[in-house]
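**Student:** 3D, please:
(2 chains)
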Protein chains: 2
Amino acid sequence: MTVPHFGTRLAERVAARESQIVLGLDPDPARLWPQALAAAPADGTPADRAAAAVAAHCAAVIAAAGPACVAIKPQLACFERLGAPGWAALMQTCASAQEAGLLVLADGKRGDIDVSAAAYGQALAGTTSTPFGDVHGLGADAFTVNPYMGRDTLEVLATSARRSGGGIFVLVRTSNPGAADVEDLEVTSGGTVAERVAAIVGGLGADGPLSDVGAVVGATQPEHIGRLRELMPTTPFLLPGVGAQGGRVEDLGPAFAPGRAGGLVTASRSIVRAHEDGGDDPAEAARREAERLRHVAWHLA
Amino acid sequence: MTVPHFGTRLAERVAARESQIVLGLDPDPARLWPQALAAAPADGTPADRAAAAVAAHCAAVIAAAGPACVAIKPQLACFERLGAPGWAALMQTCASAQEAGLLVLADGKRGDIDVSAAAYGQALAGTTSTPFGDVHGLGADAFTVNPYMGRDTLEVLATSARRSGGGIFVLVRTSNPGAADVEDLEVTSGGTVAERVAAIVGGLGADGPLSDVGAVVGATQPEHIGRLRELMPTTPFLLPGVGAQGGRVEDLGPAFAPGRAGGLVTASRSIVRAHEDGGDDPAEAARREAERLRHVAWHLA
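**Tutor:** Model (predicted):
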């Protein structure tokens, strides 16, 4: 039995859910929805109680905004800072998102060589053999990776994700000001560092209308998107930076060239904190903002 | 009360322990020392049992080789793949290393923007405020980071480490073949990508004979070390690639220019698997190999 590869699975899921919106989950224990705080147990260590509240917050956000989205994108750092209970909350969040029909794109921006890269693959999308039986990792459908260490590191990560029908999203041109320092350096053999990485990414994926190796391309500098689409014609783009960072869905046109699943729009604070502007119910505000984004992107693509 | 910065603490610790050796801990549950397997509980999930065995393995390795070392370098992926119990084993390993007088350099090669970078700082070297009380992170003395996303991301990571007297080690020129793909690209304004990153790293650290912002410089290509030392005169270098990857301590001379603590030699498999060549006791073989490396590096520097 062959599992369809991640690009195929992604395109099918986008079509089925009529959404290209990826729900970013960056839970800050100091800014959780009120109902999540109330759900935390009265006893336990601060880490146990905070992790339970984080898990309840993520479940509530998924319940409210998830129906308008195709995937969640948990920010691993936000869970890791709560230690072992935080990692358990992350696993719980990923499992409940998948039960709700959402893909999980684990955002950890990992990157390392040979056996260490393979270990990240096991942790995020695979299984680890031990003398005591197999240990299942996070079960993510895809995860973000950092290309600085080169193609060999990306190959190991892509291969380990692919084993379970998963994919990777490689940082190519990010949405922060510091992207100019390394990613935008002009290379003597032509183009920028980001464009060289794009050429590597374009060559790494499995065949199909949509590749199983994606790219992270910031939505804050839409002038890059067209050029990067030329270098990566079938690569799904994960597009952070819409909303709080200033990017606009309306500017993302070229991302959708290989089809709607070619451009995944991530949004976190603009959904999770939507109620902070209007003062209304967090869940209702999140549902409304996610649906608004879904509608704009769907009718643009 | 001011905590001395990481560069100062590192130099003092190297002098006190007469060692520049960093003990890499990349535990593979399928290749643990026999006494660690025996220490695992008879009941529990595979993850619980494997994590207990990993913690016992790391404790045994630290007991054997630690006295010849100045720090441990746990590879975070190897613990994360065991989920929450793996993260608990990581915290236990770090705490016991520090009790034994060793520094902890957490090897996760993290990198992200603003609030996410700060969250990694909290997870690895800081504390997270929650409504239920503060949650302490891993308590690492320093951690490795990836510079692809630029100076602003490194500044946040360095600042969050510095708050507790900690430091970071930025990937500059790594030891894998793929380093040629991005790190060695020539840029039009002069030098390579790695050299541009080196210039950023050289400008980021706190003042002192030794900076609190270090660099990861692979030991497999010693011809890079002299040039990178010029660009980062007071930066501590973390030098992977000795042993299994082919690097030789004898070739690392320029790394030690700012003093012995300017060059930290990491070794993991060559110590932890030293017994596989000779067939003798794992602990005794590890002790001997760590002491041999310590002696070579100390008398070279």
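
**Student:** the strands in chain A, which residues?
**Tutor:** Ranges of strands in chain A, per DSSP state E, are A:21-25, A:71-74, A:103-110, A:127-128, A:135-136, A:142-145, A:167-173, A:213-217, A:237-239, A:263-267.

**Student:** okay, the ones you listed in a markdown table with mean neighbour count and distance to residue A:288 next?
**Tutor:** (Each C-beta comes from the backbone N, C-alpha and C, glycine too.) Converted to a markdown table, the strands of chain A look like this (neighbours: other Cβ atoms under 10 Å in any protein chain shown; distance: least, Cβ to Cβ, whole Å):
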| stretch | mean neighbour count | distance to residue A:288 |
| --- | --- | --- |
| strand A:21-25 | 27 | 13 |
| strand A:71-74 | 28 | 18 |
| strand A:103-110 | 27 | 23 |
| strand A:127-128 | 20 | 39 |
| strand A:135-136 | 20 | 36 |
| strand A:142-145 | 28 | 27 |
| strand A:167-173 | 27 | 27 |
| strand A:213-217 | 29 | 27 |
| strand A:237-239 | 28 | 21 |
| strand A:263-267 | 28 | 13 |
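
**Student:** just put these in TSV and tack on mean pLDDT and distance to residue A:117.
**Tutor:** Compiled in TSV, the strands of chain A are given as follows (pLDDT from 0 to 100; distance: least, Cβ to Cβ, whole Å):
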stretch	mean pLDDT	distance to residue A:117
strand A:21-25	98	24
strand A:71-74	98	20
strand A:103-110	98	8
strand A:127-128	98	14
strand A:135-136	98	18
strand A:142-145	98	9
strand A:167-173	98	10
strand A:213-217	97	14
strand A:237-239	96	20
strand A:263-267	95	24
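
**Student:** how about CSV for those strands, with distance to residue B:3 added?
**Tutor:** Shown next, in CSV, are the strands of chain A (distance: least, Cβ to Cβ, whole Å):
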stretch, distance to residue B:3
strand A:21-25, 34
strand A:71-74, 33
strand A:103-110, 29
strand A:127-128, 37
strand A:135-136, 38
strand A:142-145, 33
strand A:167-173, 33
strand A:213-217, 36
strand A:237-239, 39
strand A:263-267, 37
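
**Student:** reformat those as JSON lines; add distance to chain B.
**Tutor:** Compiled in JSON lines, those are given as follows (distance: least, Cβ to the nearest Cβ, whole Å):
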{"stretch": "strand A:21-25", "distance to chain B": "10"}
{"stretch": "strand A:71-74", "distance to chain B": "11"}
{"stretch": "strand A:103-110", "distance to chain B": "6"}
{"stretch": "strand A:127-128", "distance to chain B": "5"}
{"stretch": "strand A:135-136", "distance to chain B": "5"}
{"stretch": "strand A:142-145", "distance to chain B": "9"}
{"stretch": "strand A:167-173", "distance to chain B": "6"}
{"stretch": "strand A:213-217", "distance to chain B": "10"}
{"stretch": "strand A:237-239", "distance to chain B": "14"}
{"stretch": "strand A:263-267", "distance to chain B": "12"}
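
**Student:** what about these, which gets the closest to residue A:283?
**Tutor:** Closest approach to residue A:283 among the strands of chain A (Cβ to Cβ): strand A:21-25, 13.1 Å.

**Student:** ok, residue A:235 - contacts?
**Tutor:** A:201-202, A:205, A:210-211, A:213-215, A:258, A:262 (Cβ atoms under 8 Å, 6 or more residues apart in numbering or on different chains).

**Student:** residue A:189 now?
**Tutor:** B:185-186.

**Student:** same question for residue A:56.
**Tutor:** Counting by Cβ under 8 Å, 6+ apart, residue A:56 has contacts A:32, A:35-36, A:39-40.

**Student:** same thing with residue A:102?
**Tutor:** A:23, A:62, A:66, A:69-72.

**Student:** hang on, residue A:61 packs against residue A:31?
**Tutor:** No - counting by Cβ atoms under 8 Å, residue A:31 is not a contact partner of residue A:61; they are 12.0 Å apart.

**Student:** comparing the two, which shows the higher neighbour count?
**Tutor:** When neighbours are counted by other Cβ atoms under 10 Å in any protein chain shown, residue A:61 and residue A:31 differ, and residue A:61 comes out ahead with 28 against 13.

**Student:** burial count for the nearest residue to that one once chain neighbours are set aside?
**Tutor:** Distance criterion Cβ to Cβ, 6 or more residues apart in numbering or on different chains; nearest residue to residue A:61, sequence neighbours excluded, is residue A:272 at 5.7 Å. Residue A:272 is flanked by 29 other residues according to other Cβ under 10 Å.

**Student:** was I right to think residue A:165 contacts residue A:10?
**Tutor:** No - judged on Cβ under 8 Å, residue A:165 makes no contact with residue A:10 at a distance of 10.4 Å.

**Student:** which one of the two is surrounded by more residues?
**Tutor:** Using other Cβ under 10 Å as the criterion, residue A:165 and residue A:10 rank with residue A:10 on top: 28 against 17.

**Student:** show me what contacts that one?
**Tutor:** A:70, A:103, A:142, A:167, A:210, A:236, A:261.

**Student:** just the closest of those residues to residue A:187, please.
**Tutor:** residue A:236 (25.0 Å).

**Student:** need the pLDDT of that closest one.
**Tutor:** pLDDT recorded at residue A:236 is 98.

**Student:** these two touch, right, residue A:161 and residue A:6?
**Tutor:** Yes - Residue A:161 lies in contact with residue A:6 (Cβ under 8 Å); the separation is 7.1 Å.

**Student:** touching both of those two, which residues are there?
**Tutor:** A:142, A:167, A:212.

**Student:** which residue is the nearest non-sequential neighbour of the second one?
**Tutor:** Right, the one you point to is residue A:167. Nearest to residue A:167 is residue A:6, by Cβ to Cβ, 6+ apart, at 3.1 Å.

**Student:** please apply the same query to residue A:87.
**Tutor:** residue B:84 (4.4 Å).

**Student:** what count of nearby residues applies to the one you found?
**Tutor:** So residue B:84, with other Cβ under 10 Å, has 21 neighbours.

**Student:** equivalent analysis for the one 4 residues further on, please.
**Tutor:** For residue B:88, the tally of surrounding residues (other Cβ under 10 Å) stands at 21.

**Student:** residues touching it, list them.
**Tutor:** With the criterion set at Cβ under 8 Å, 6+ apart, residue B:88 makes contact with A:83-84, B:51.

**Student:** which one of these is nearest to residue B:183?
**Tutor:** When those are compared against residue B:183 (criterion: Cβ to Cβ), the nearest one is residue A:83, at 32.8 Å.

**Student:** where does that closest one land on pLDDT?
**Tutor:** 98.

**Student:** so it makes contact with residue A:45?
**Tutor:** No - counting by Cβ under 8 Å, residue A:83 stays clear of residue A:45, with 9.1 Å between them.

**Student:** the more surrounded of these two?
**Tutor:** Taking other Cβ under 10 Å, residue A:83 and residue A:45 do not tie; residue A:83 has more neighbours (25 against 14).

**Student:** contact partners for the nearest residue to that one once chain neighbours are set aside?
**Tutor:** Counting by Cβ to Cβ, 6+ apart, residue A:83 lies nearest to residue A:47, which is 5.2 Å off, once chain neighbours are set aside. Contacts for residue A:47 (Cβ under 8 Å, 6+ apart) come out as A:82-86, B:135.
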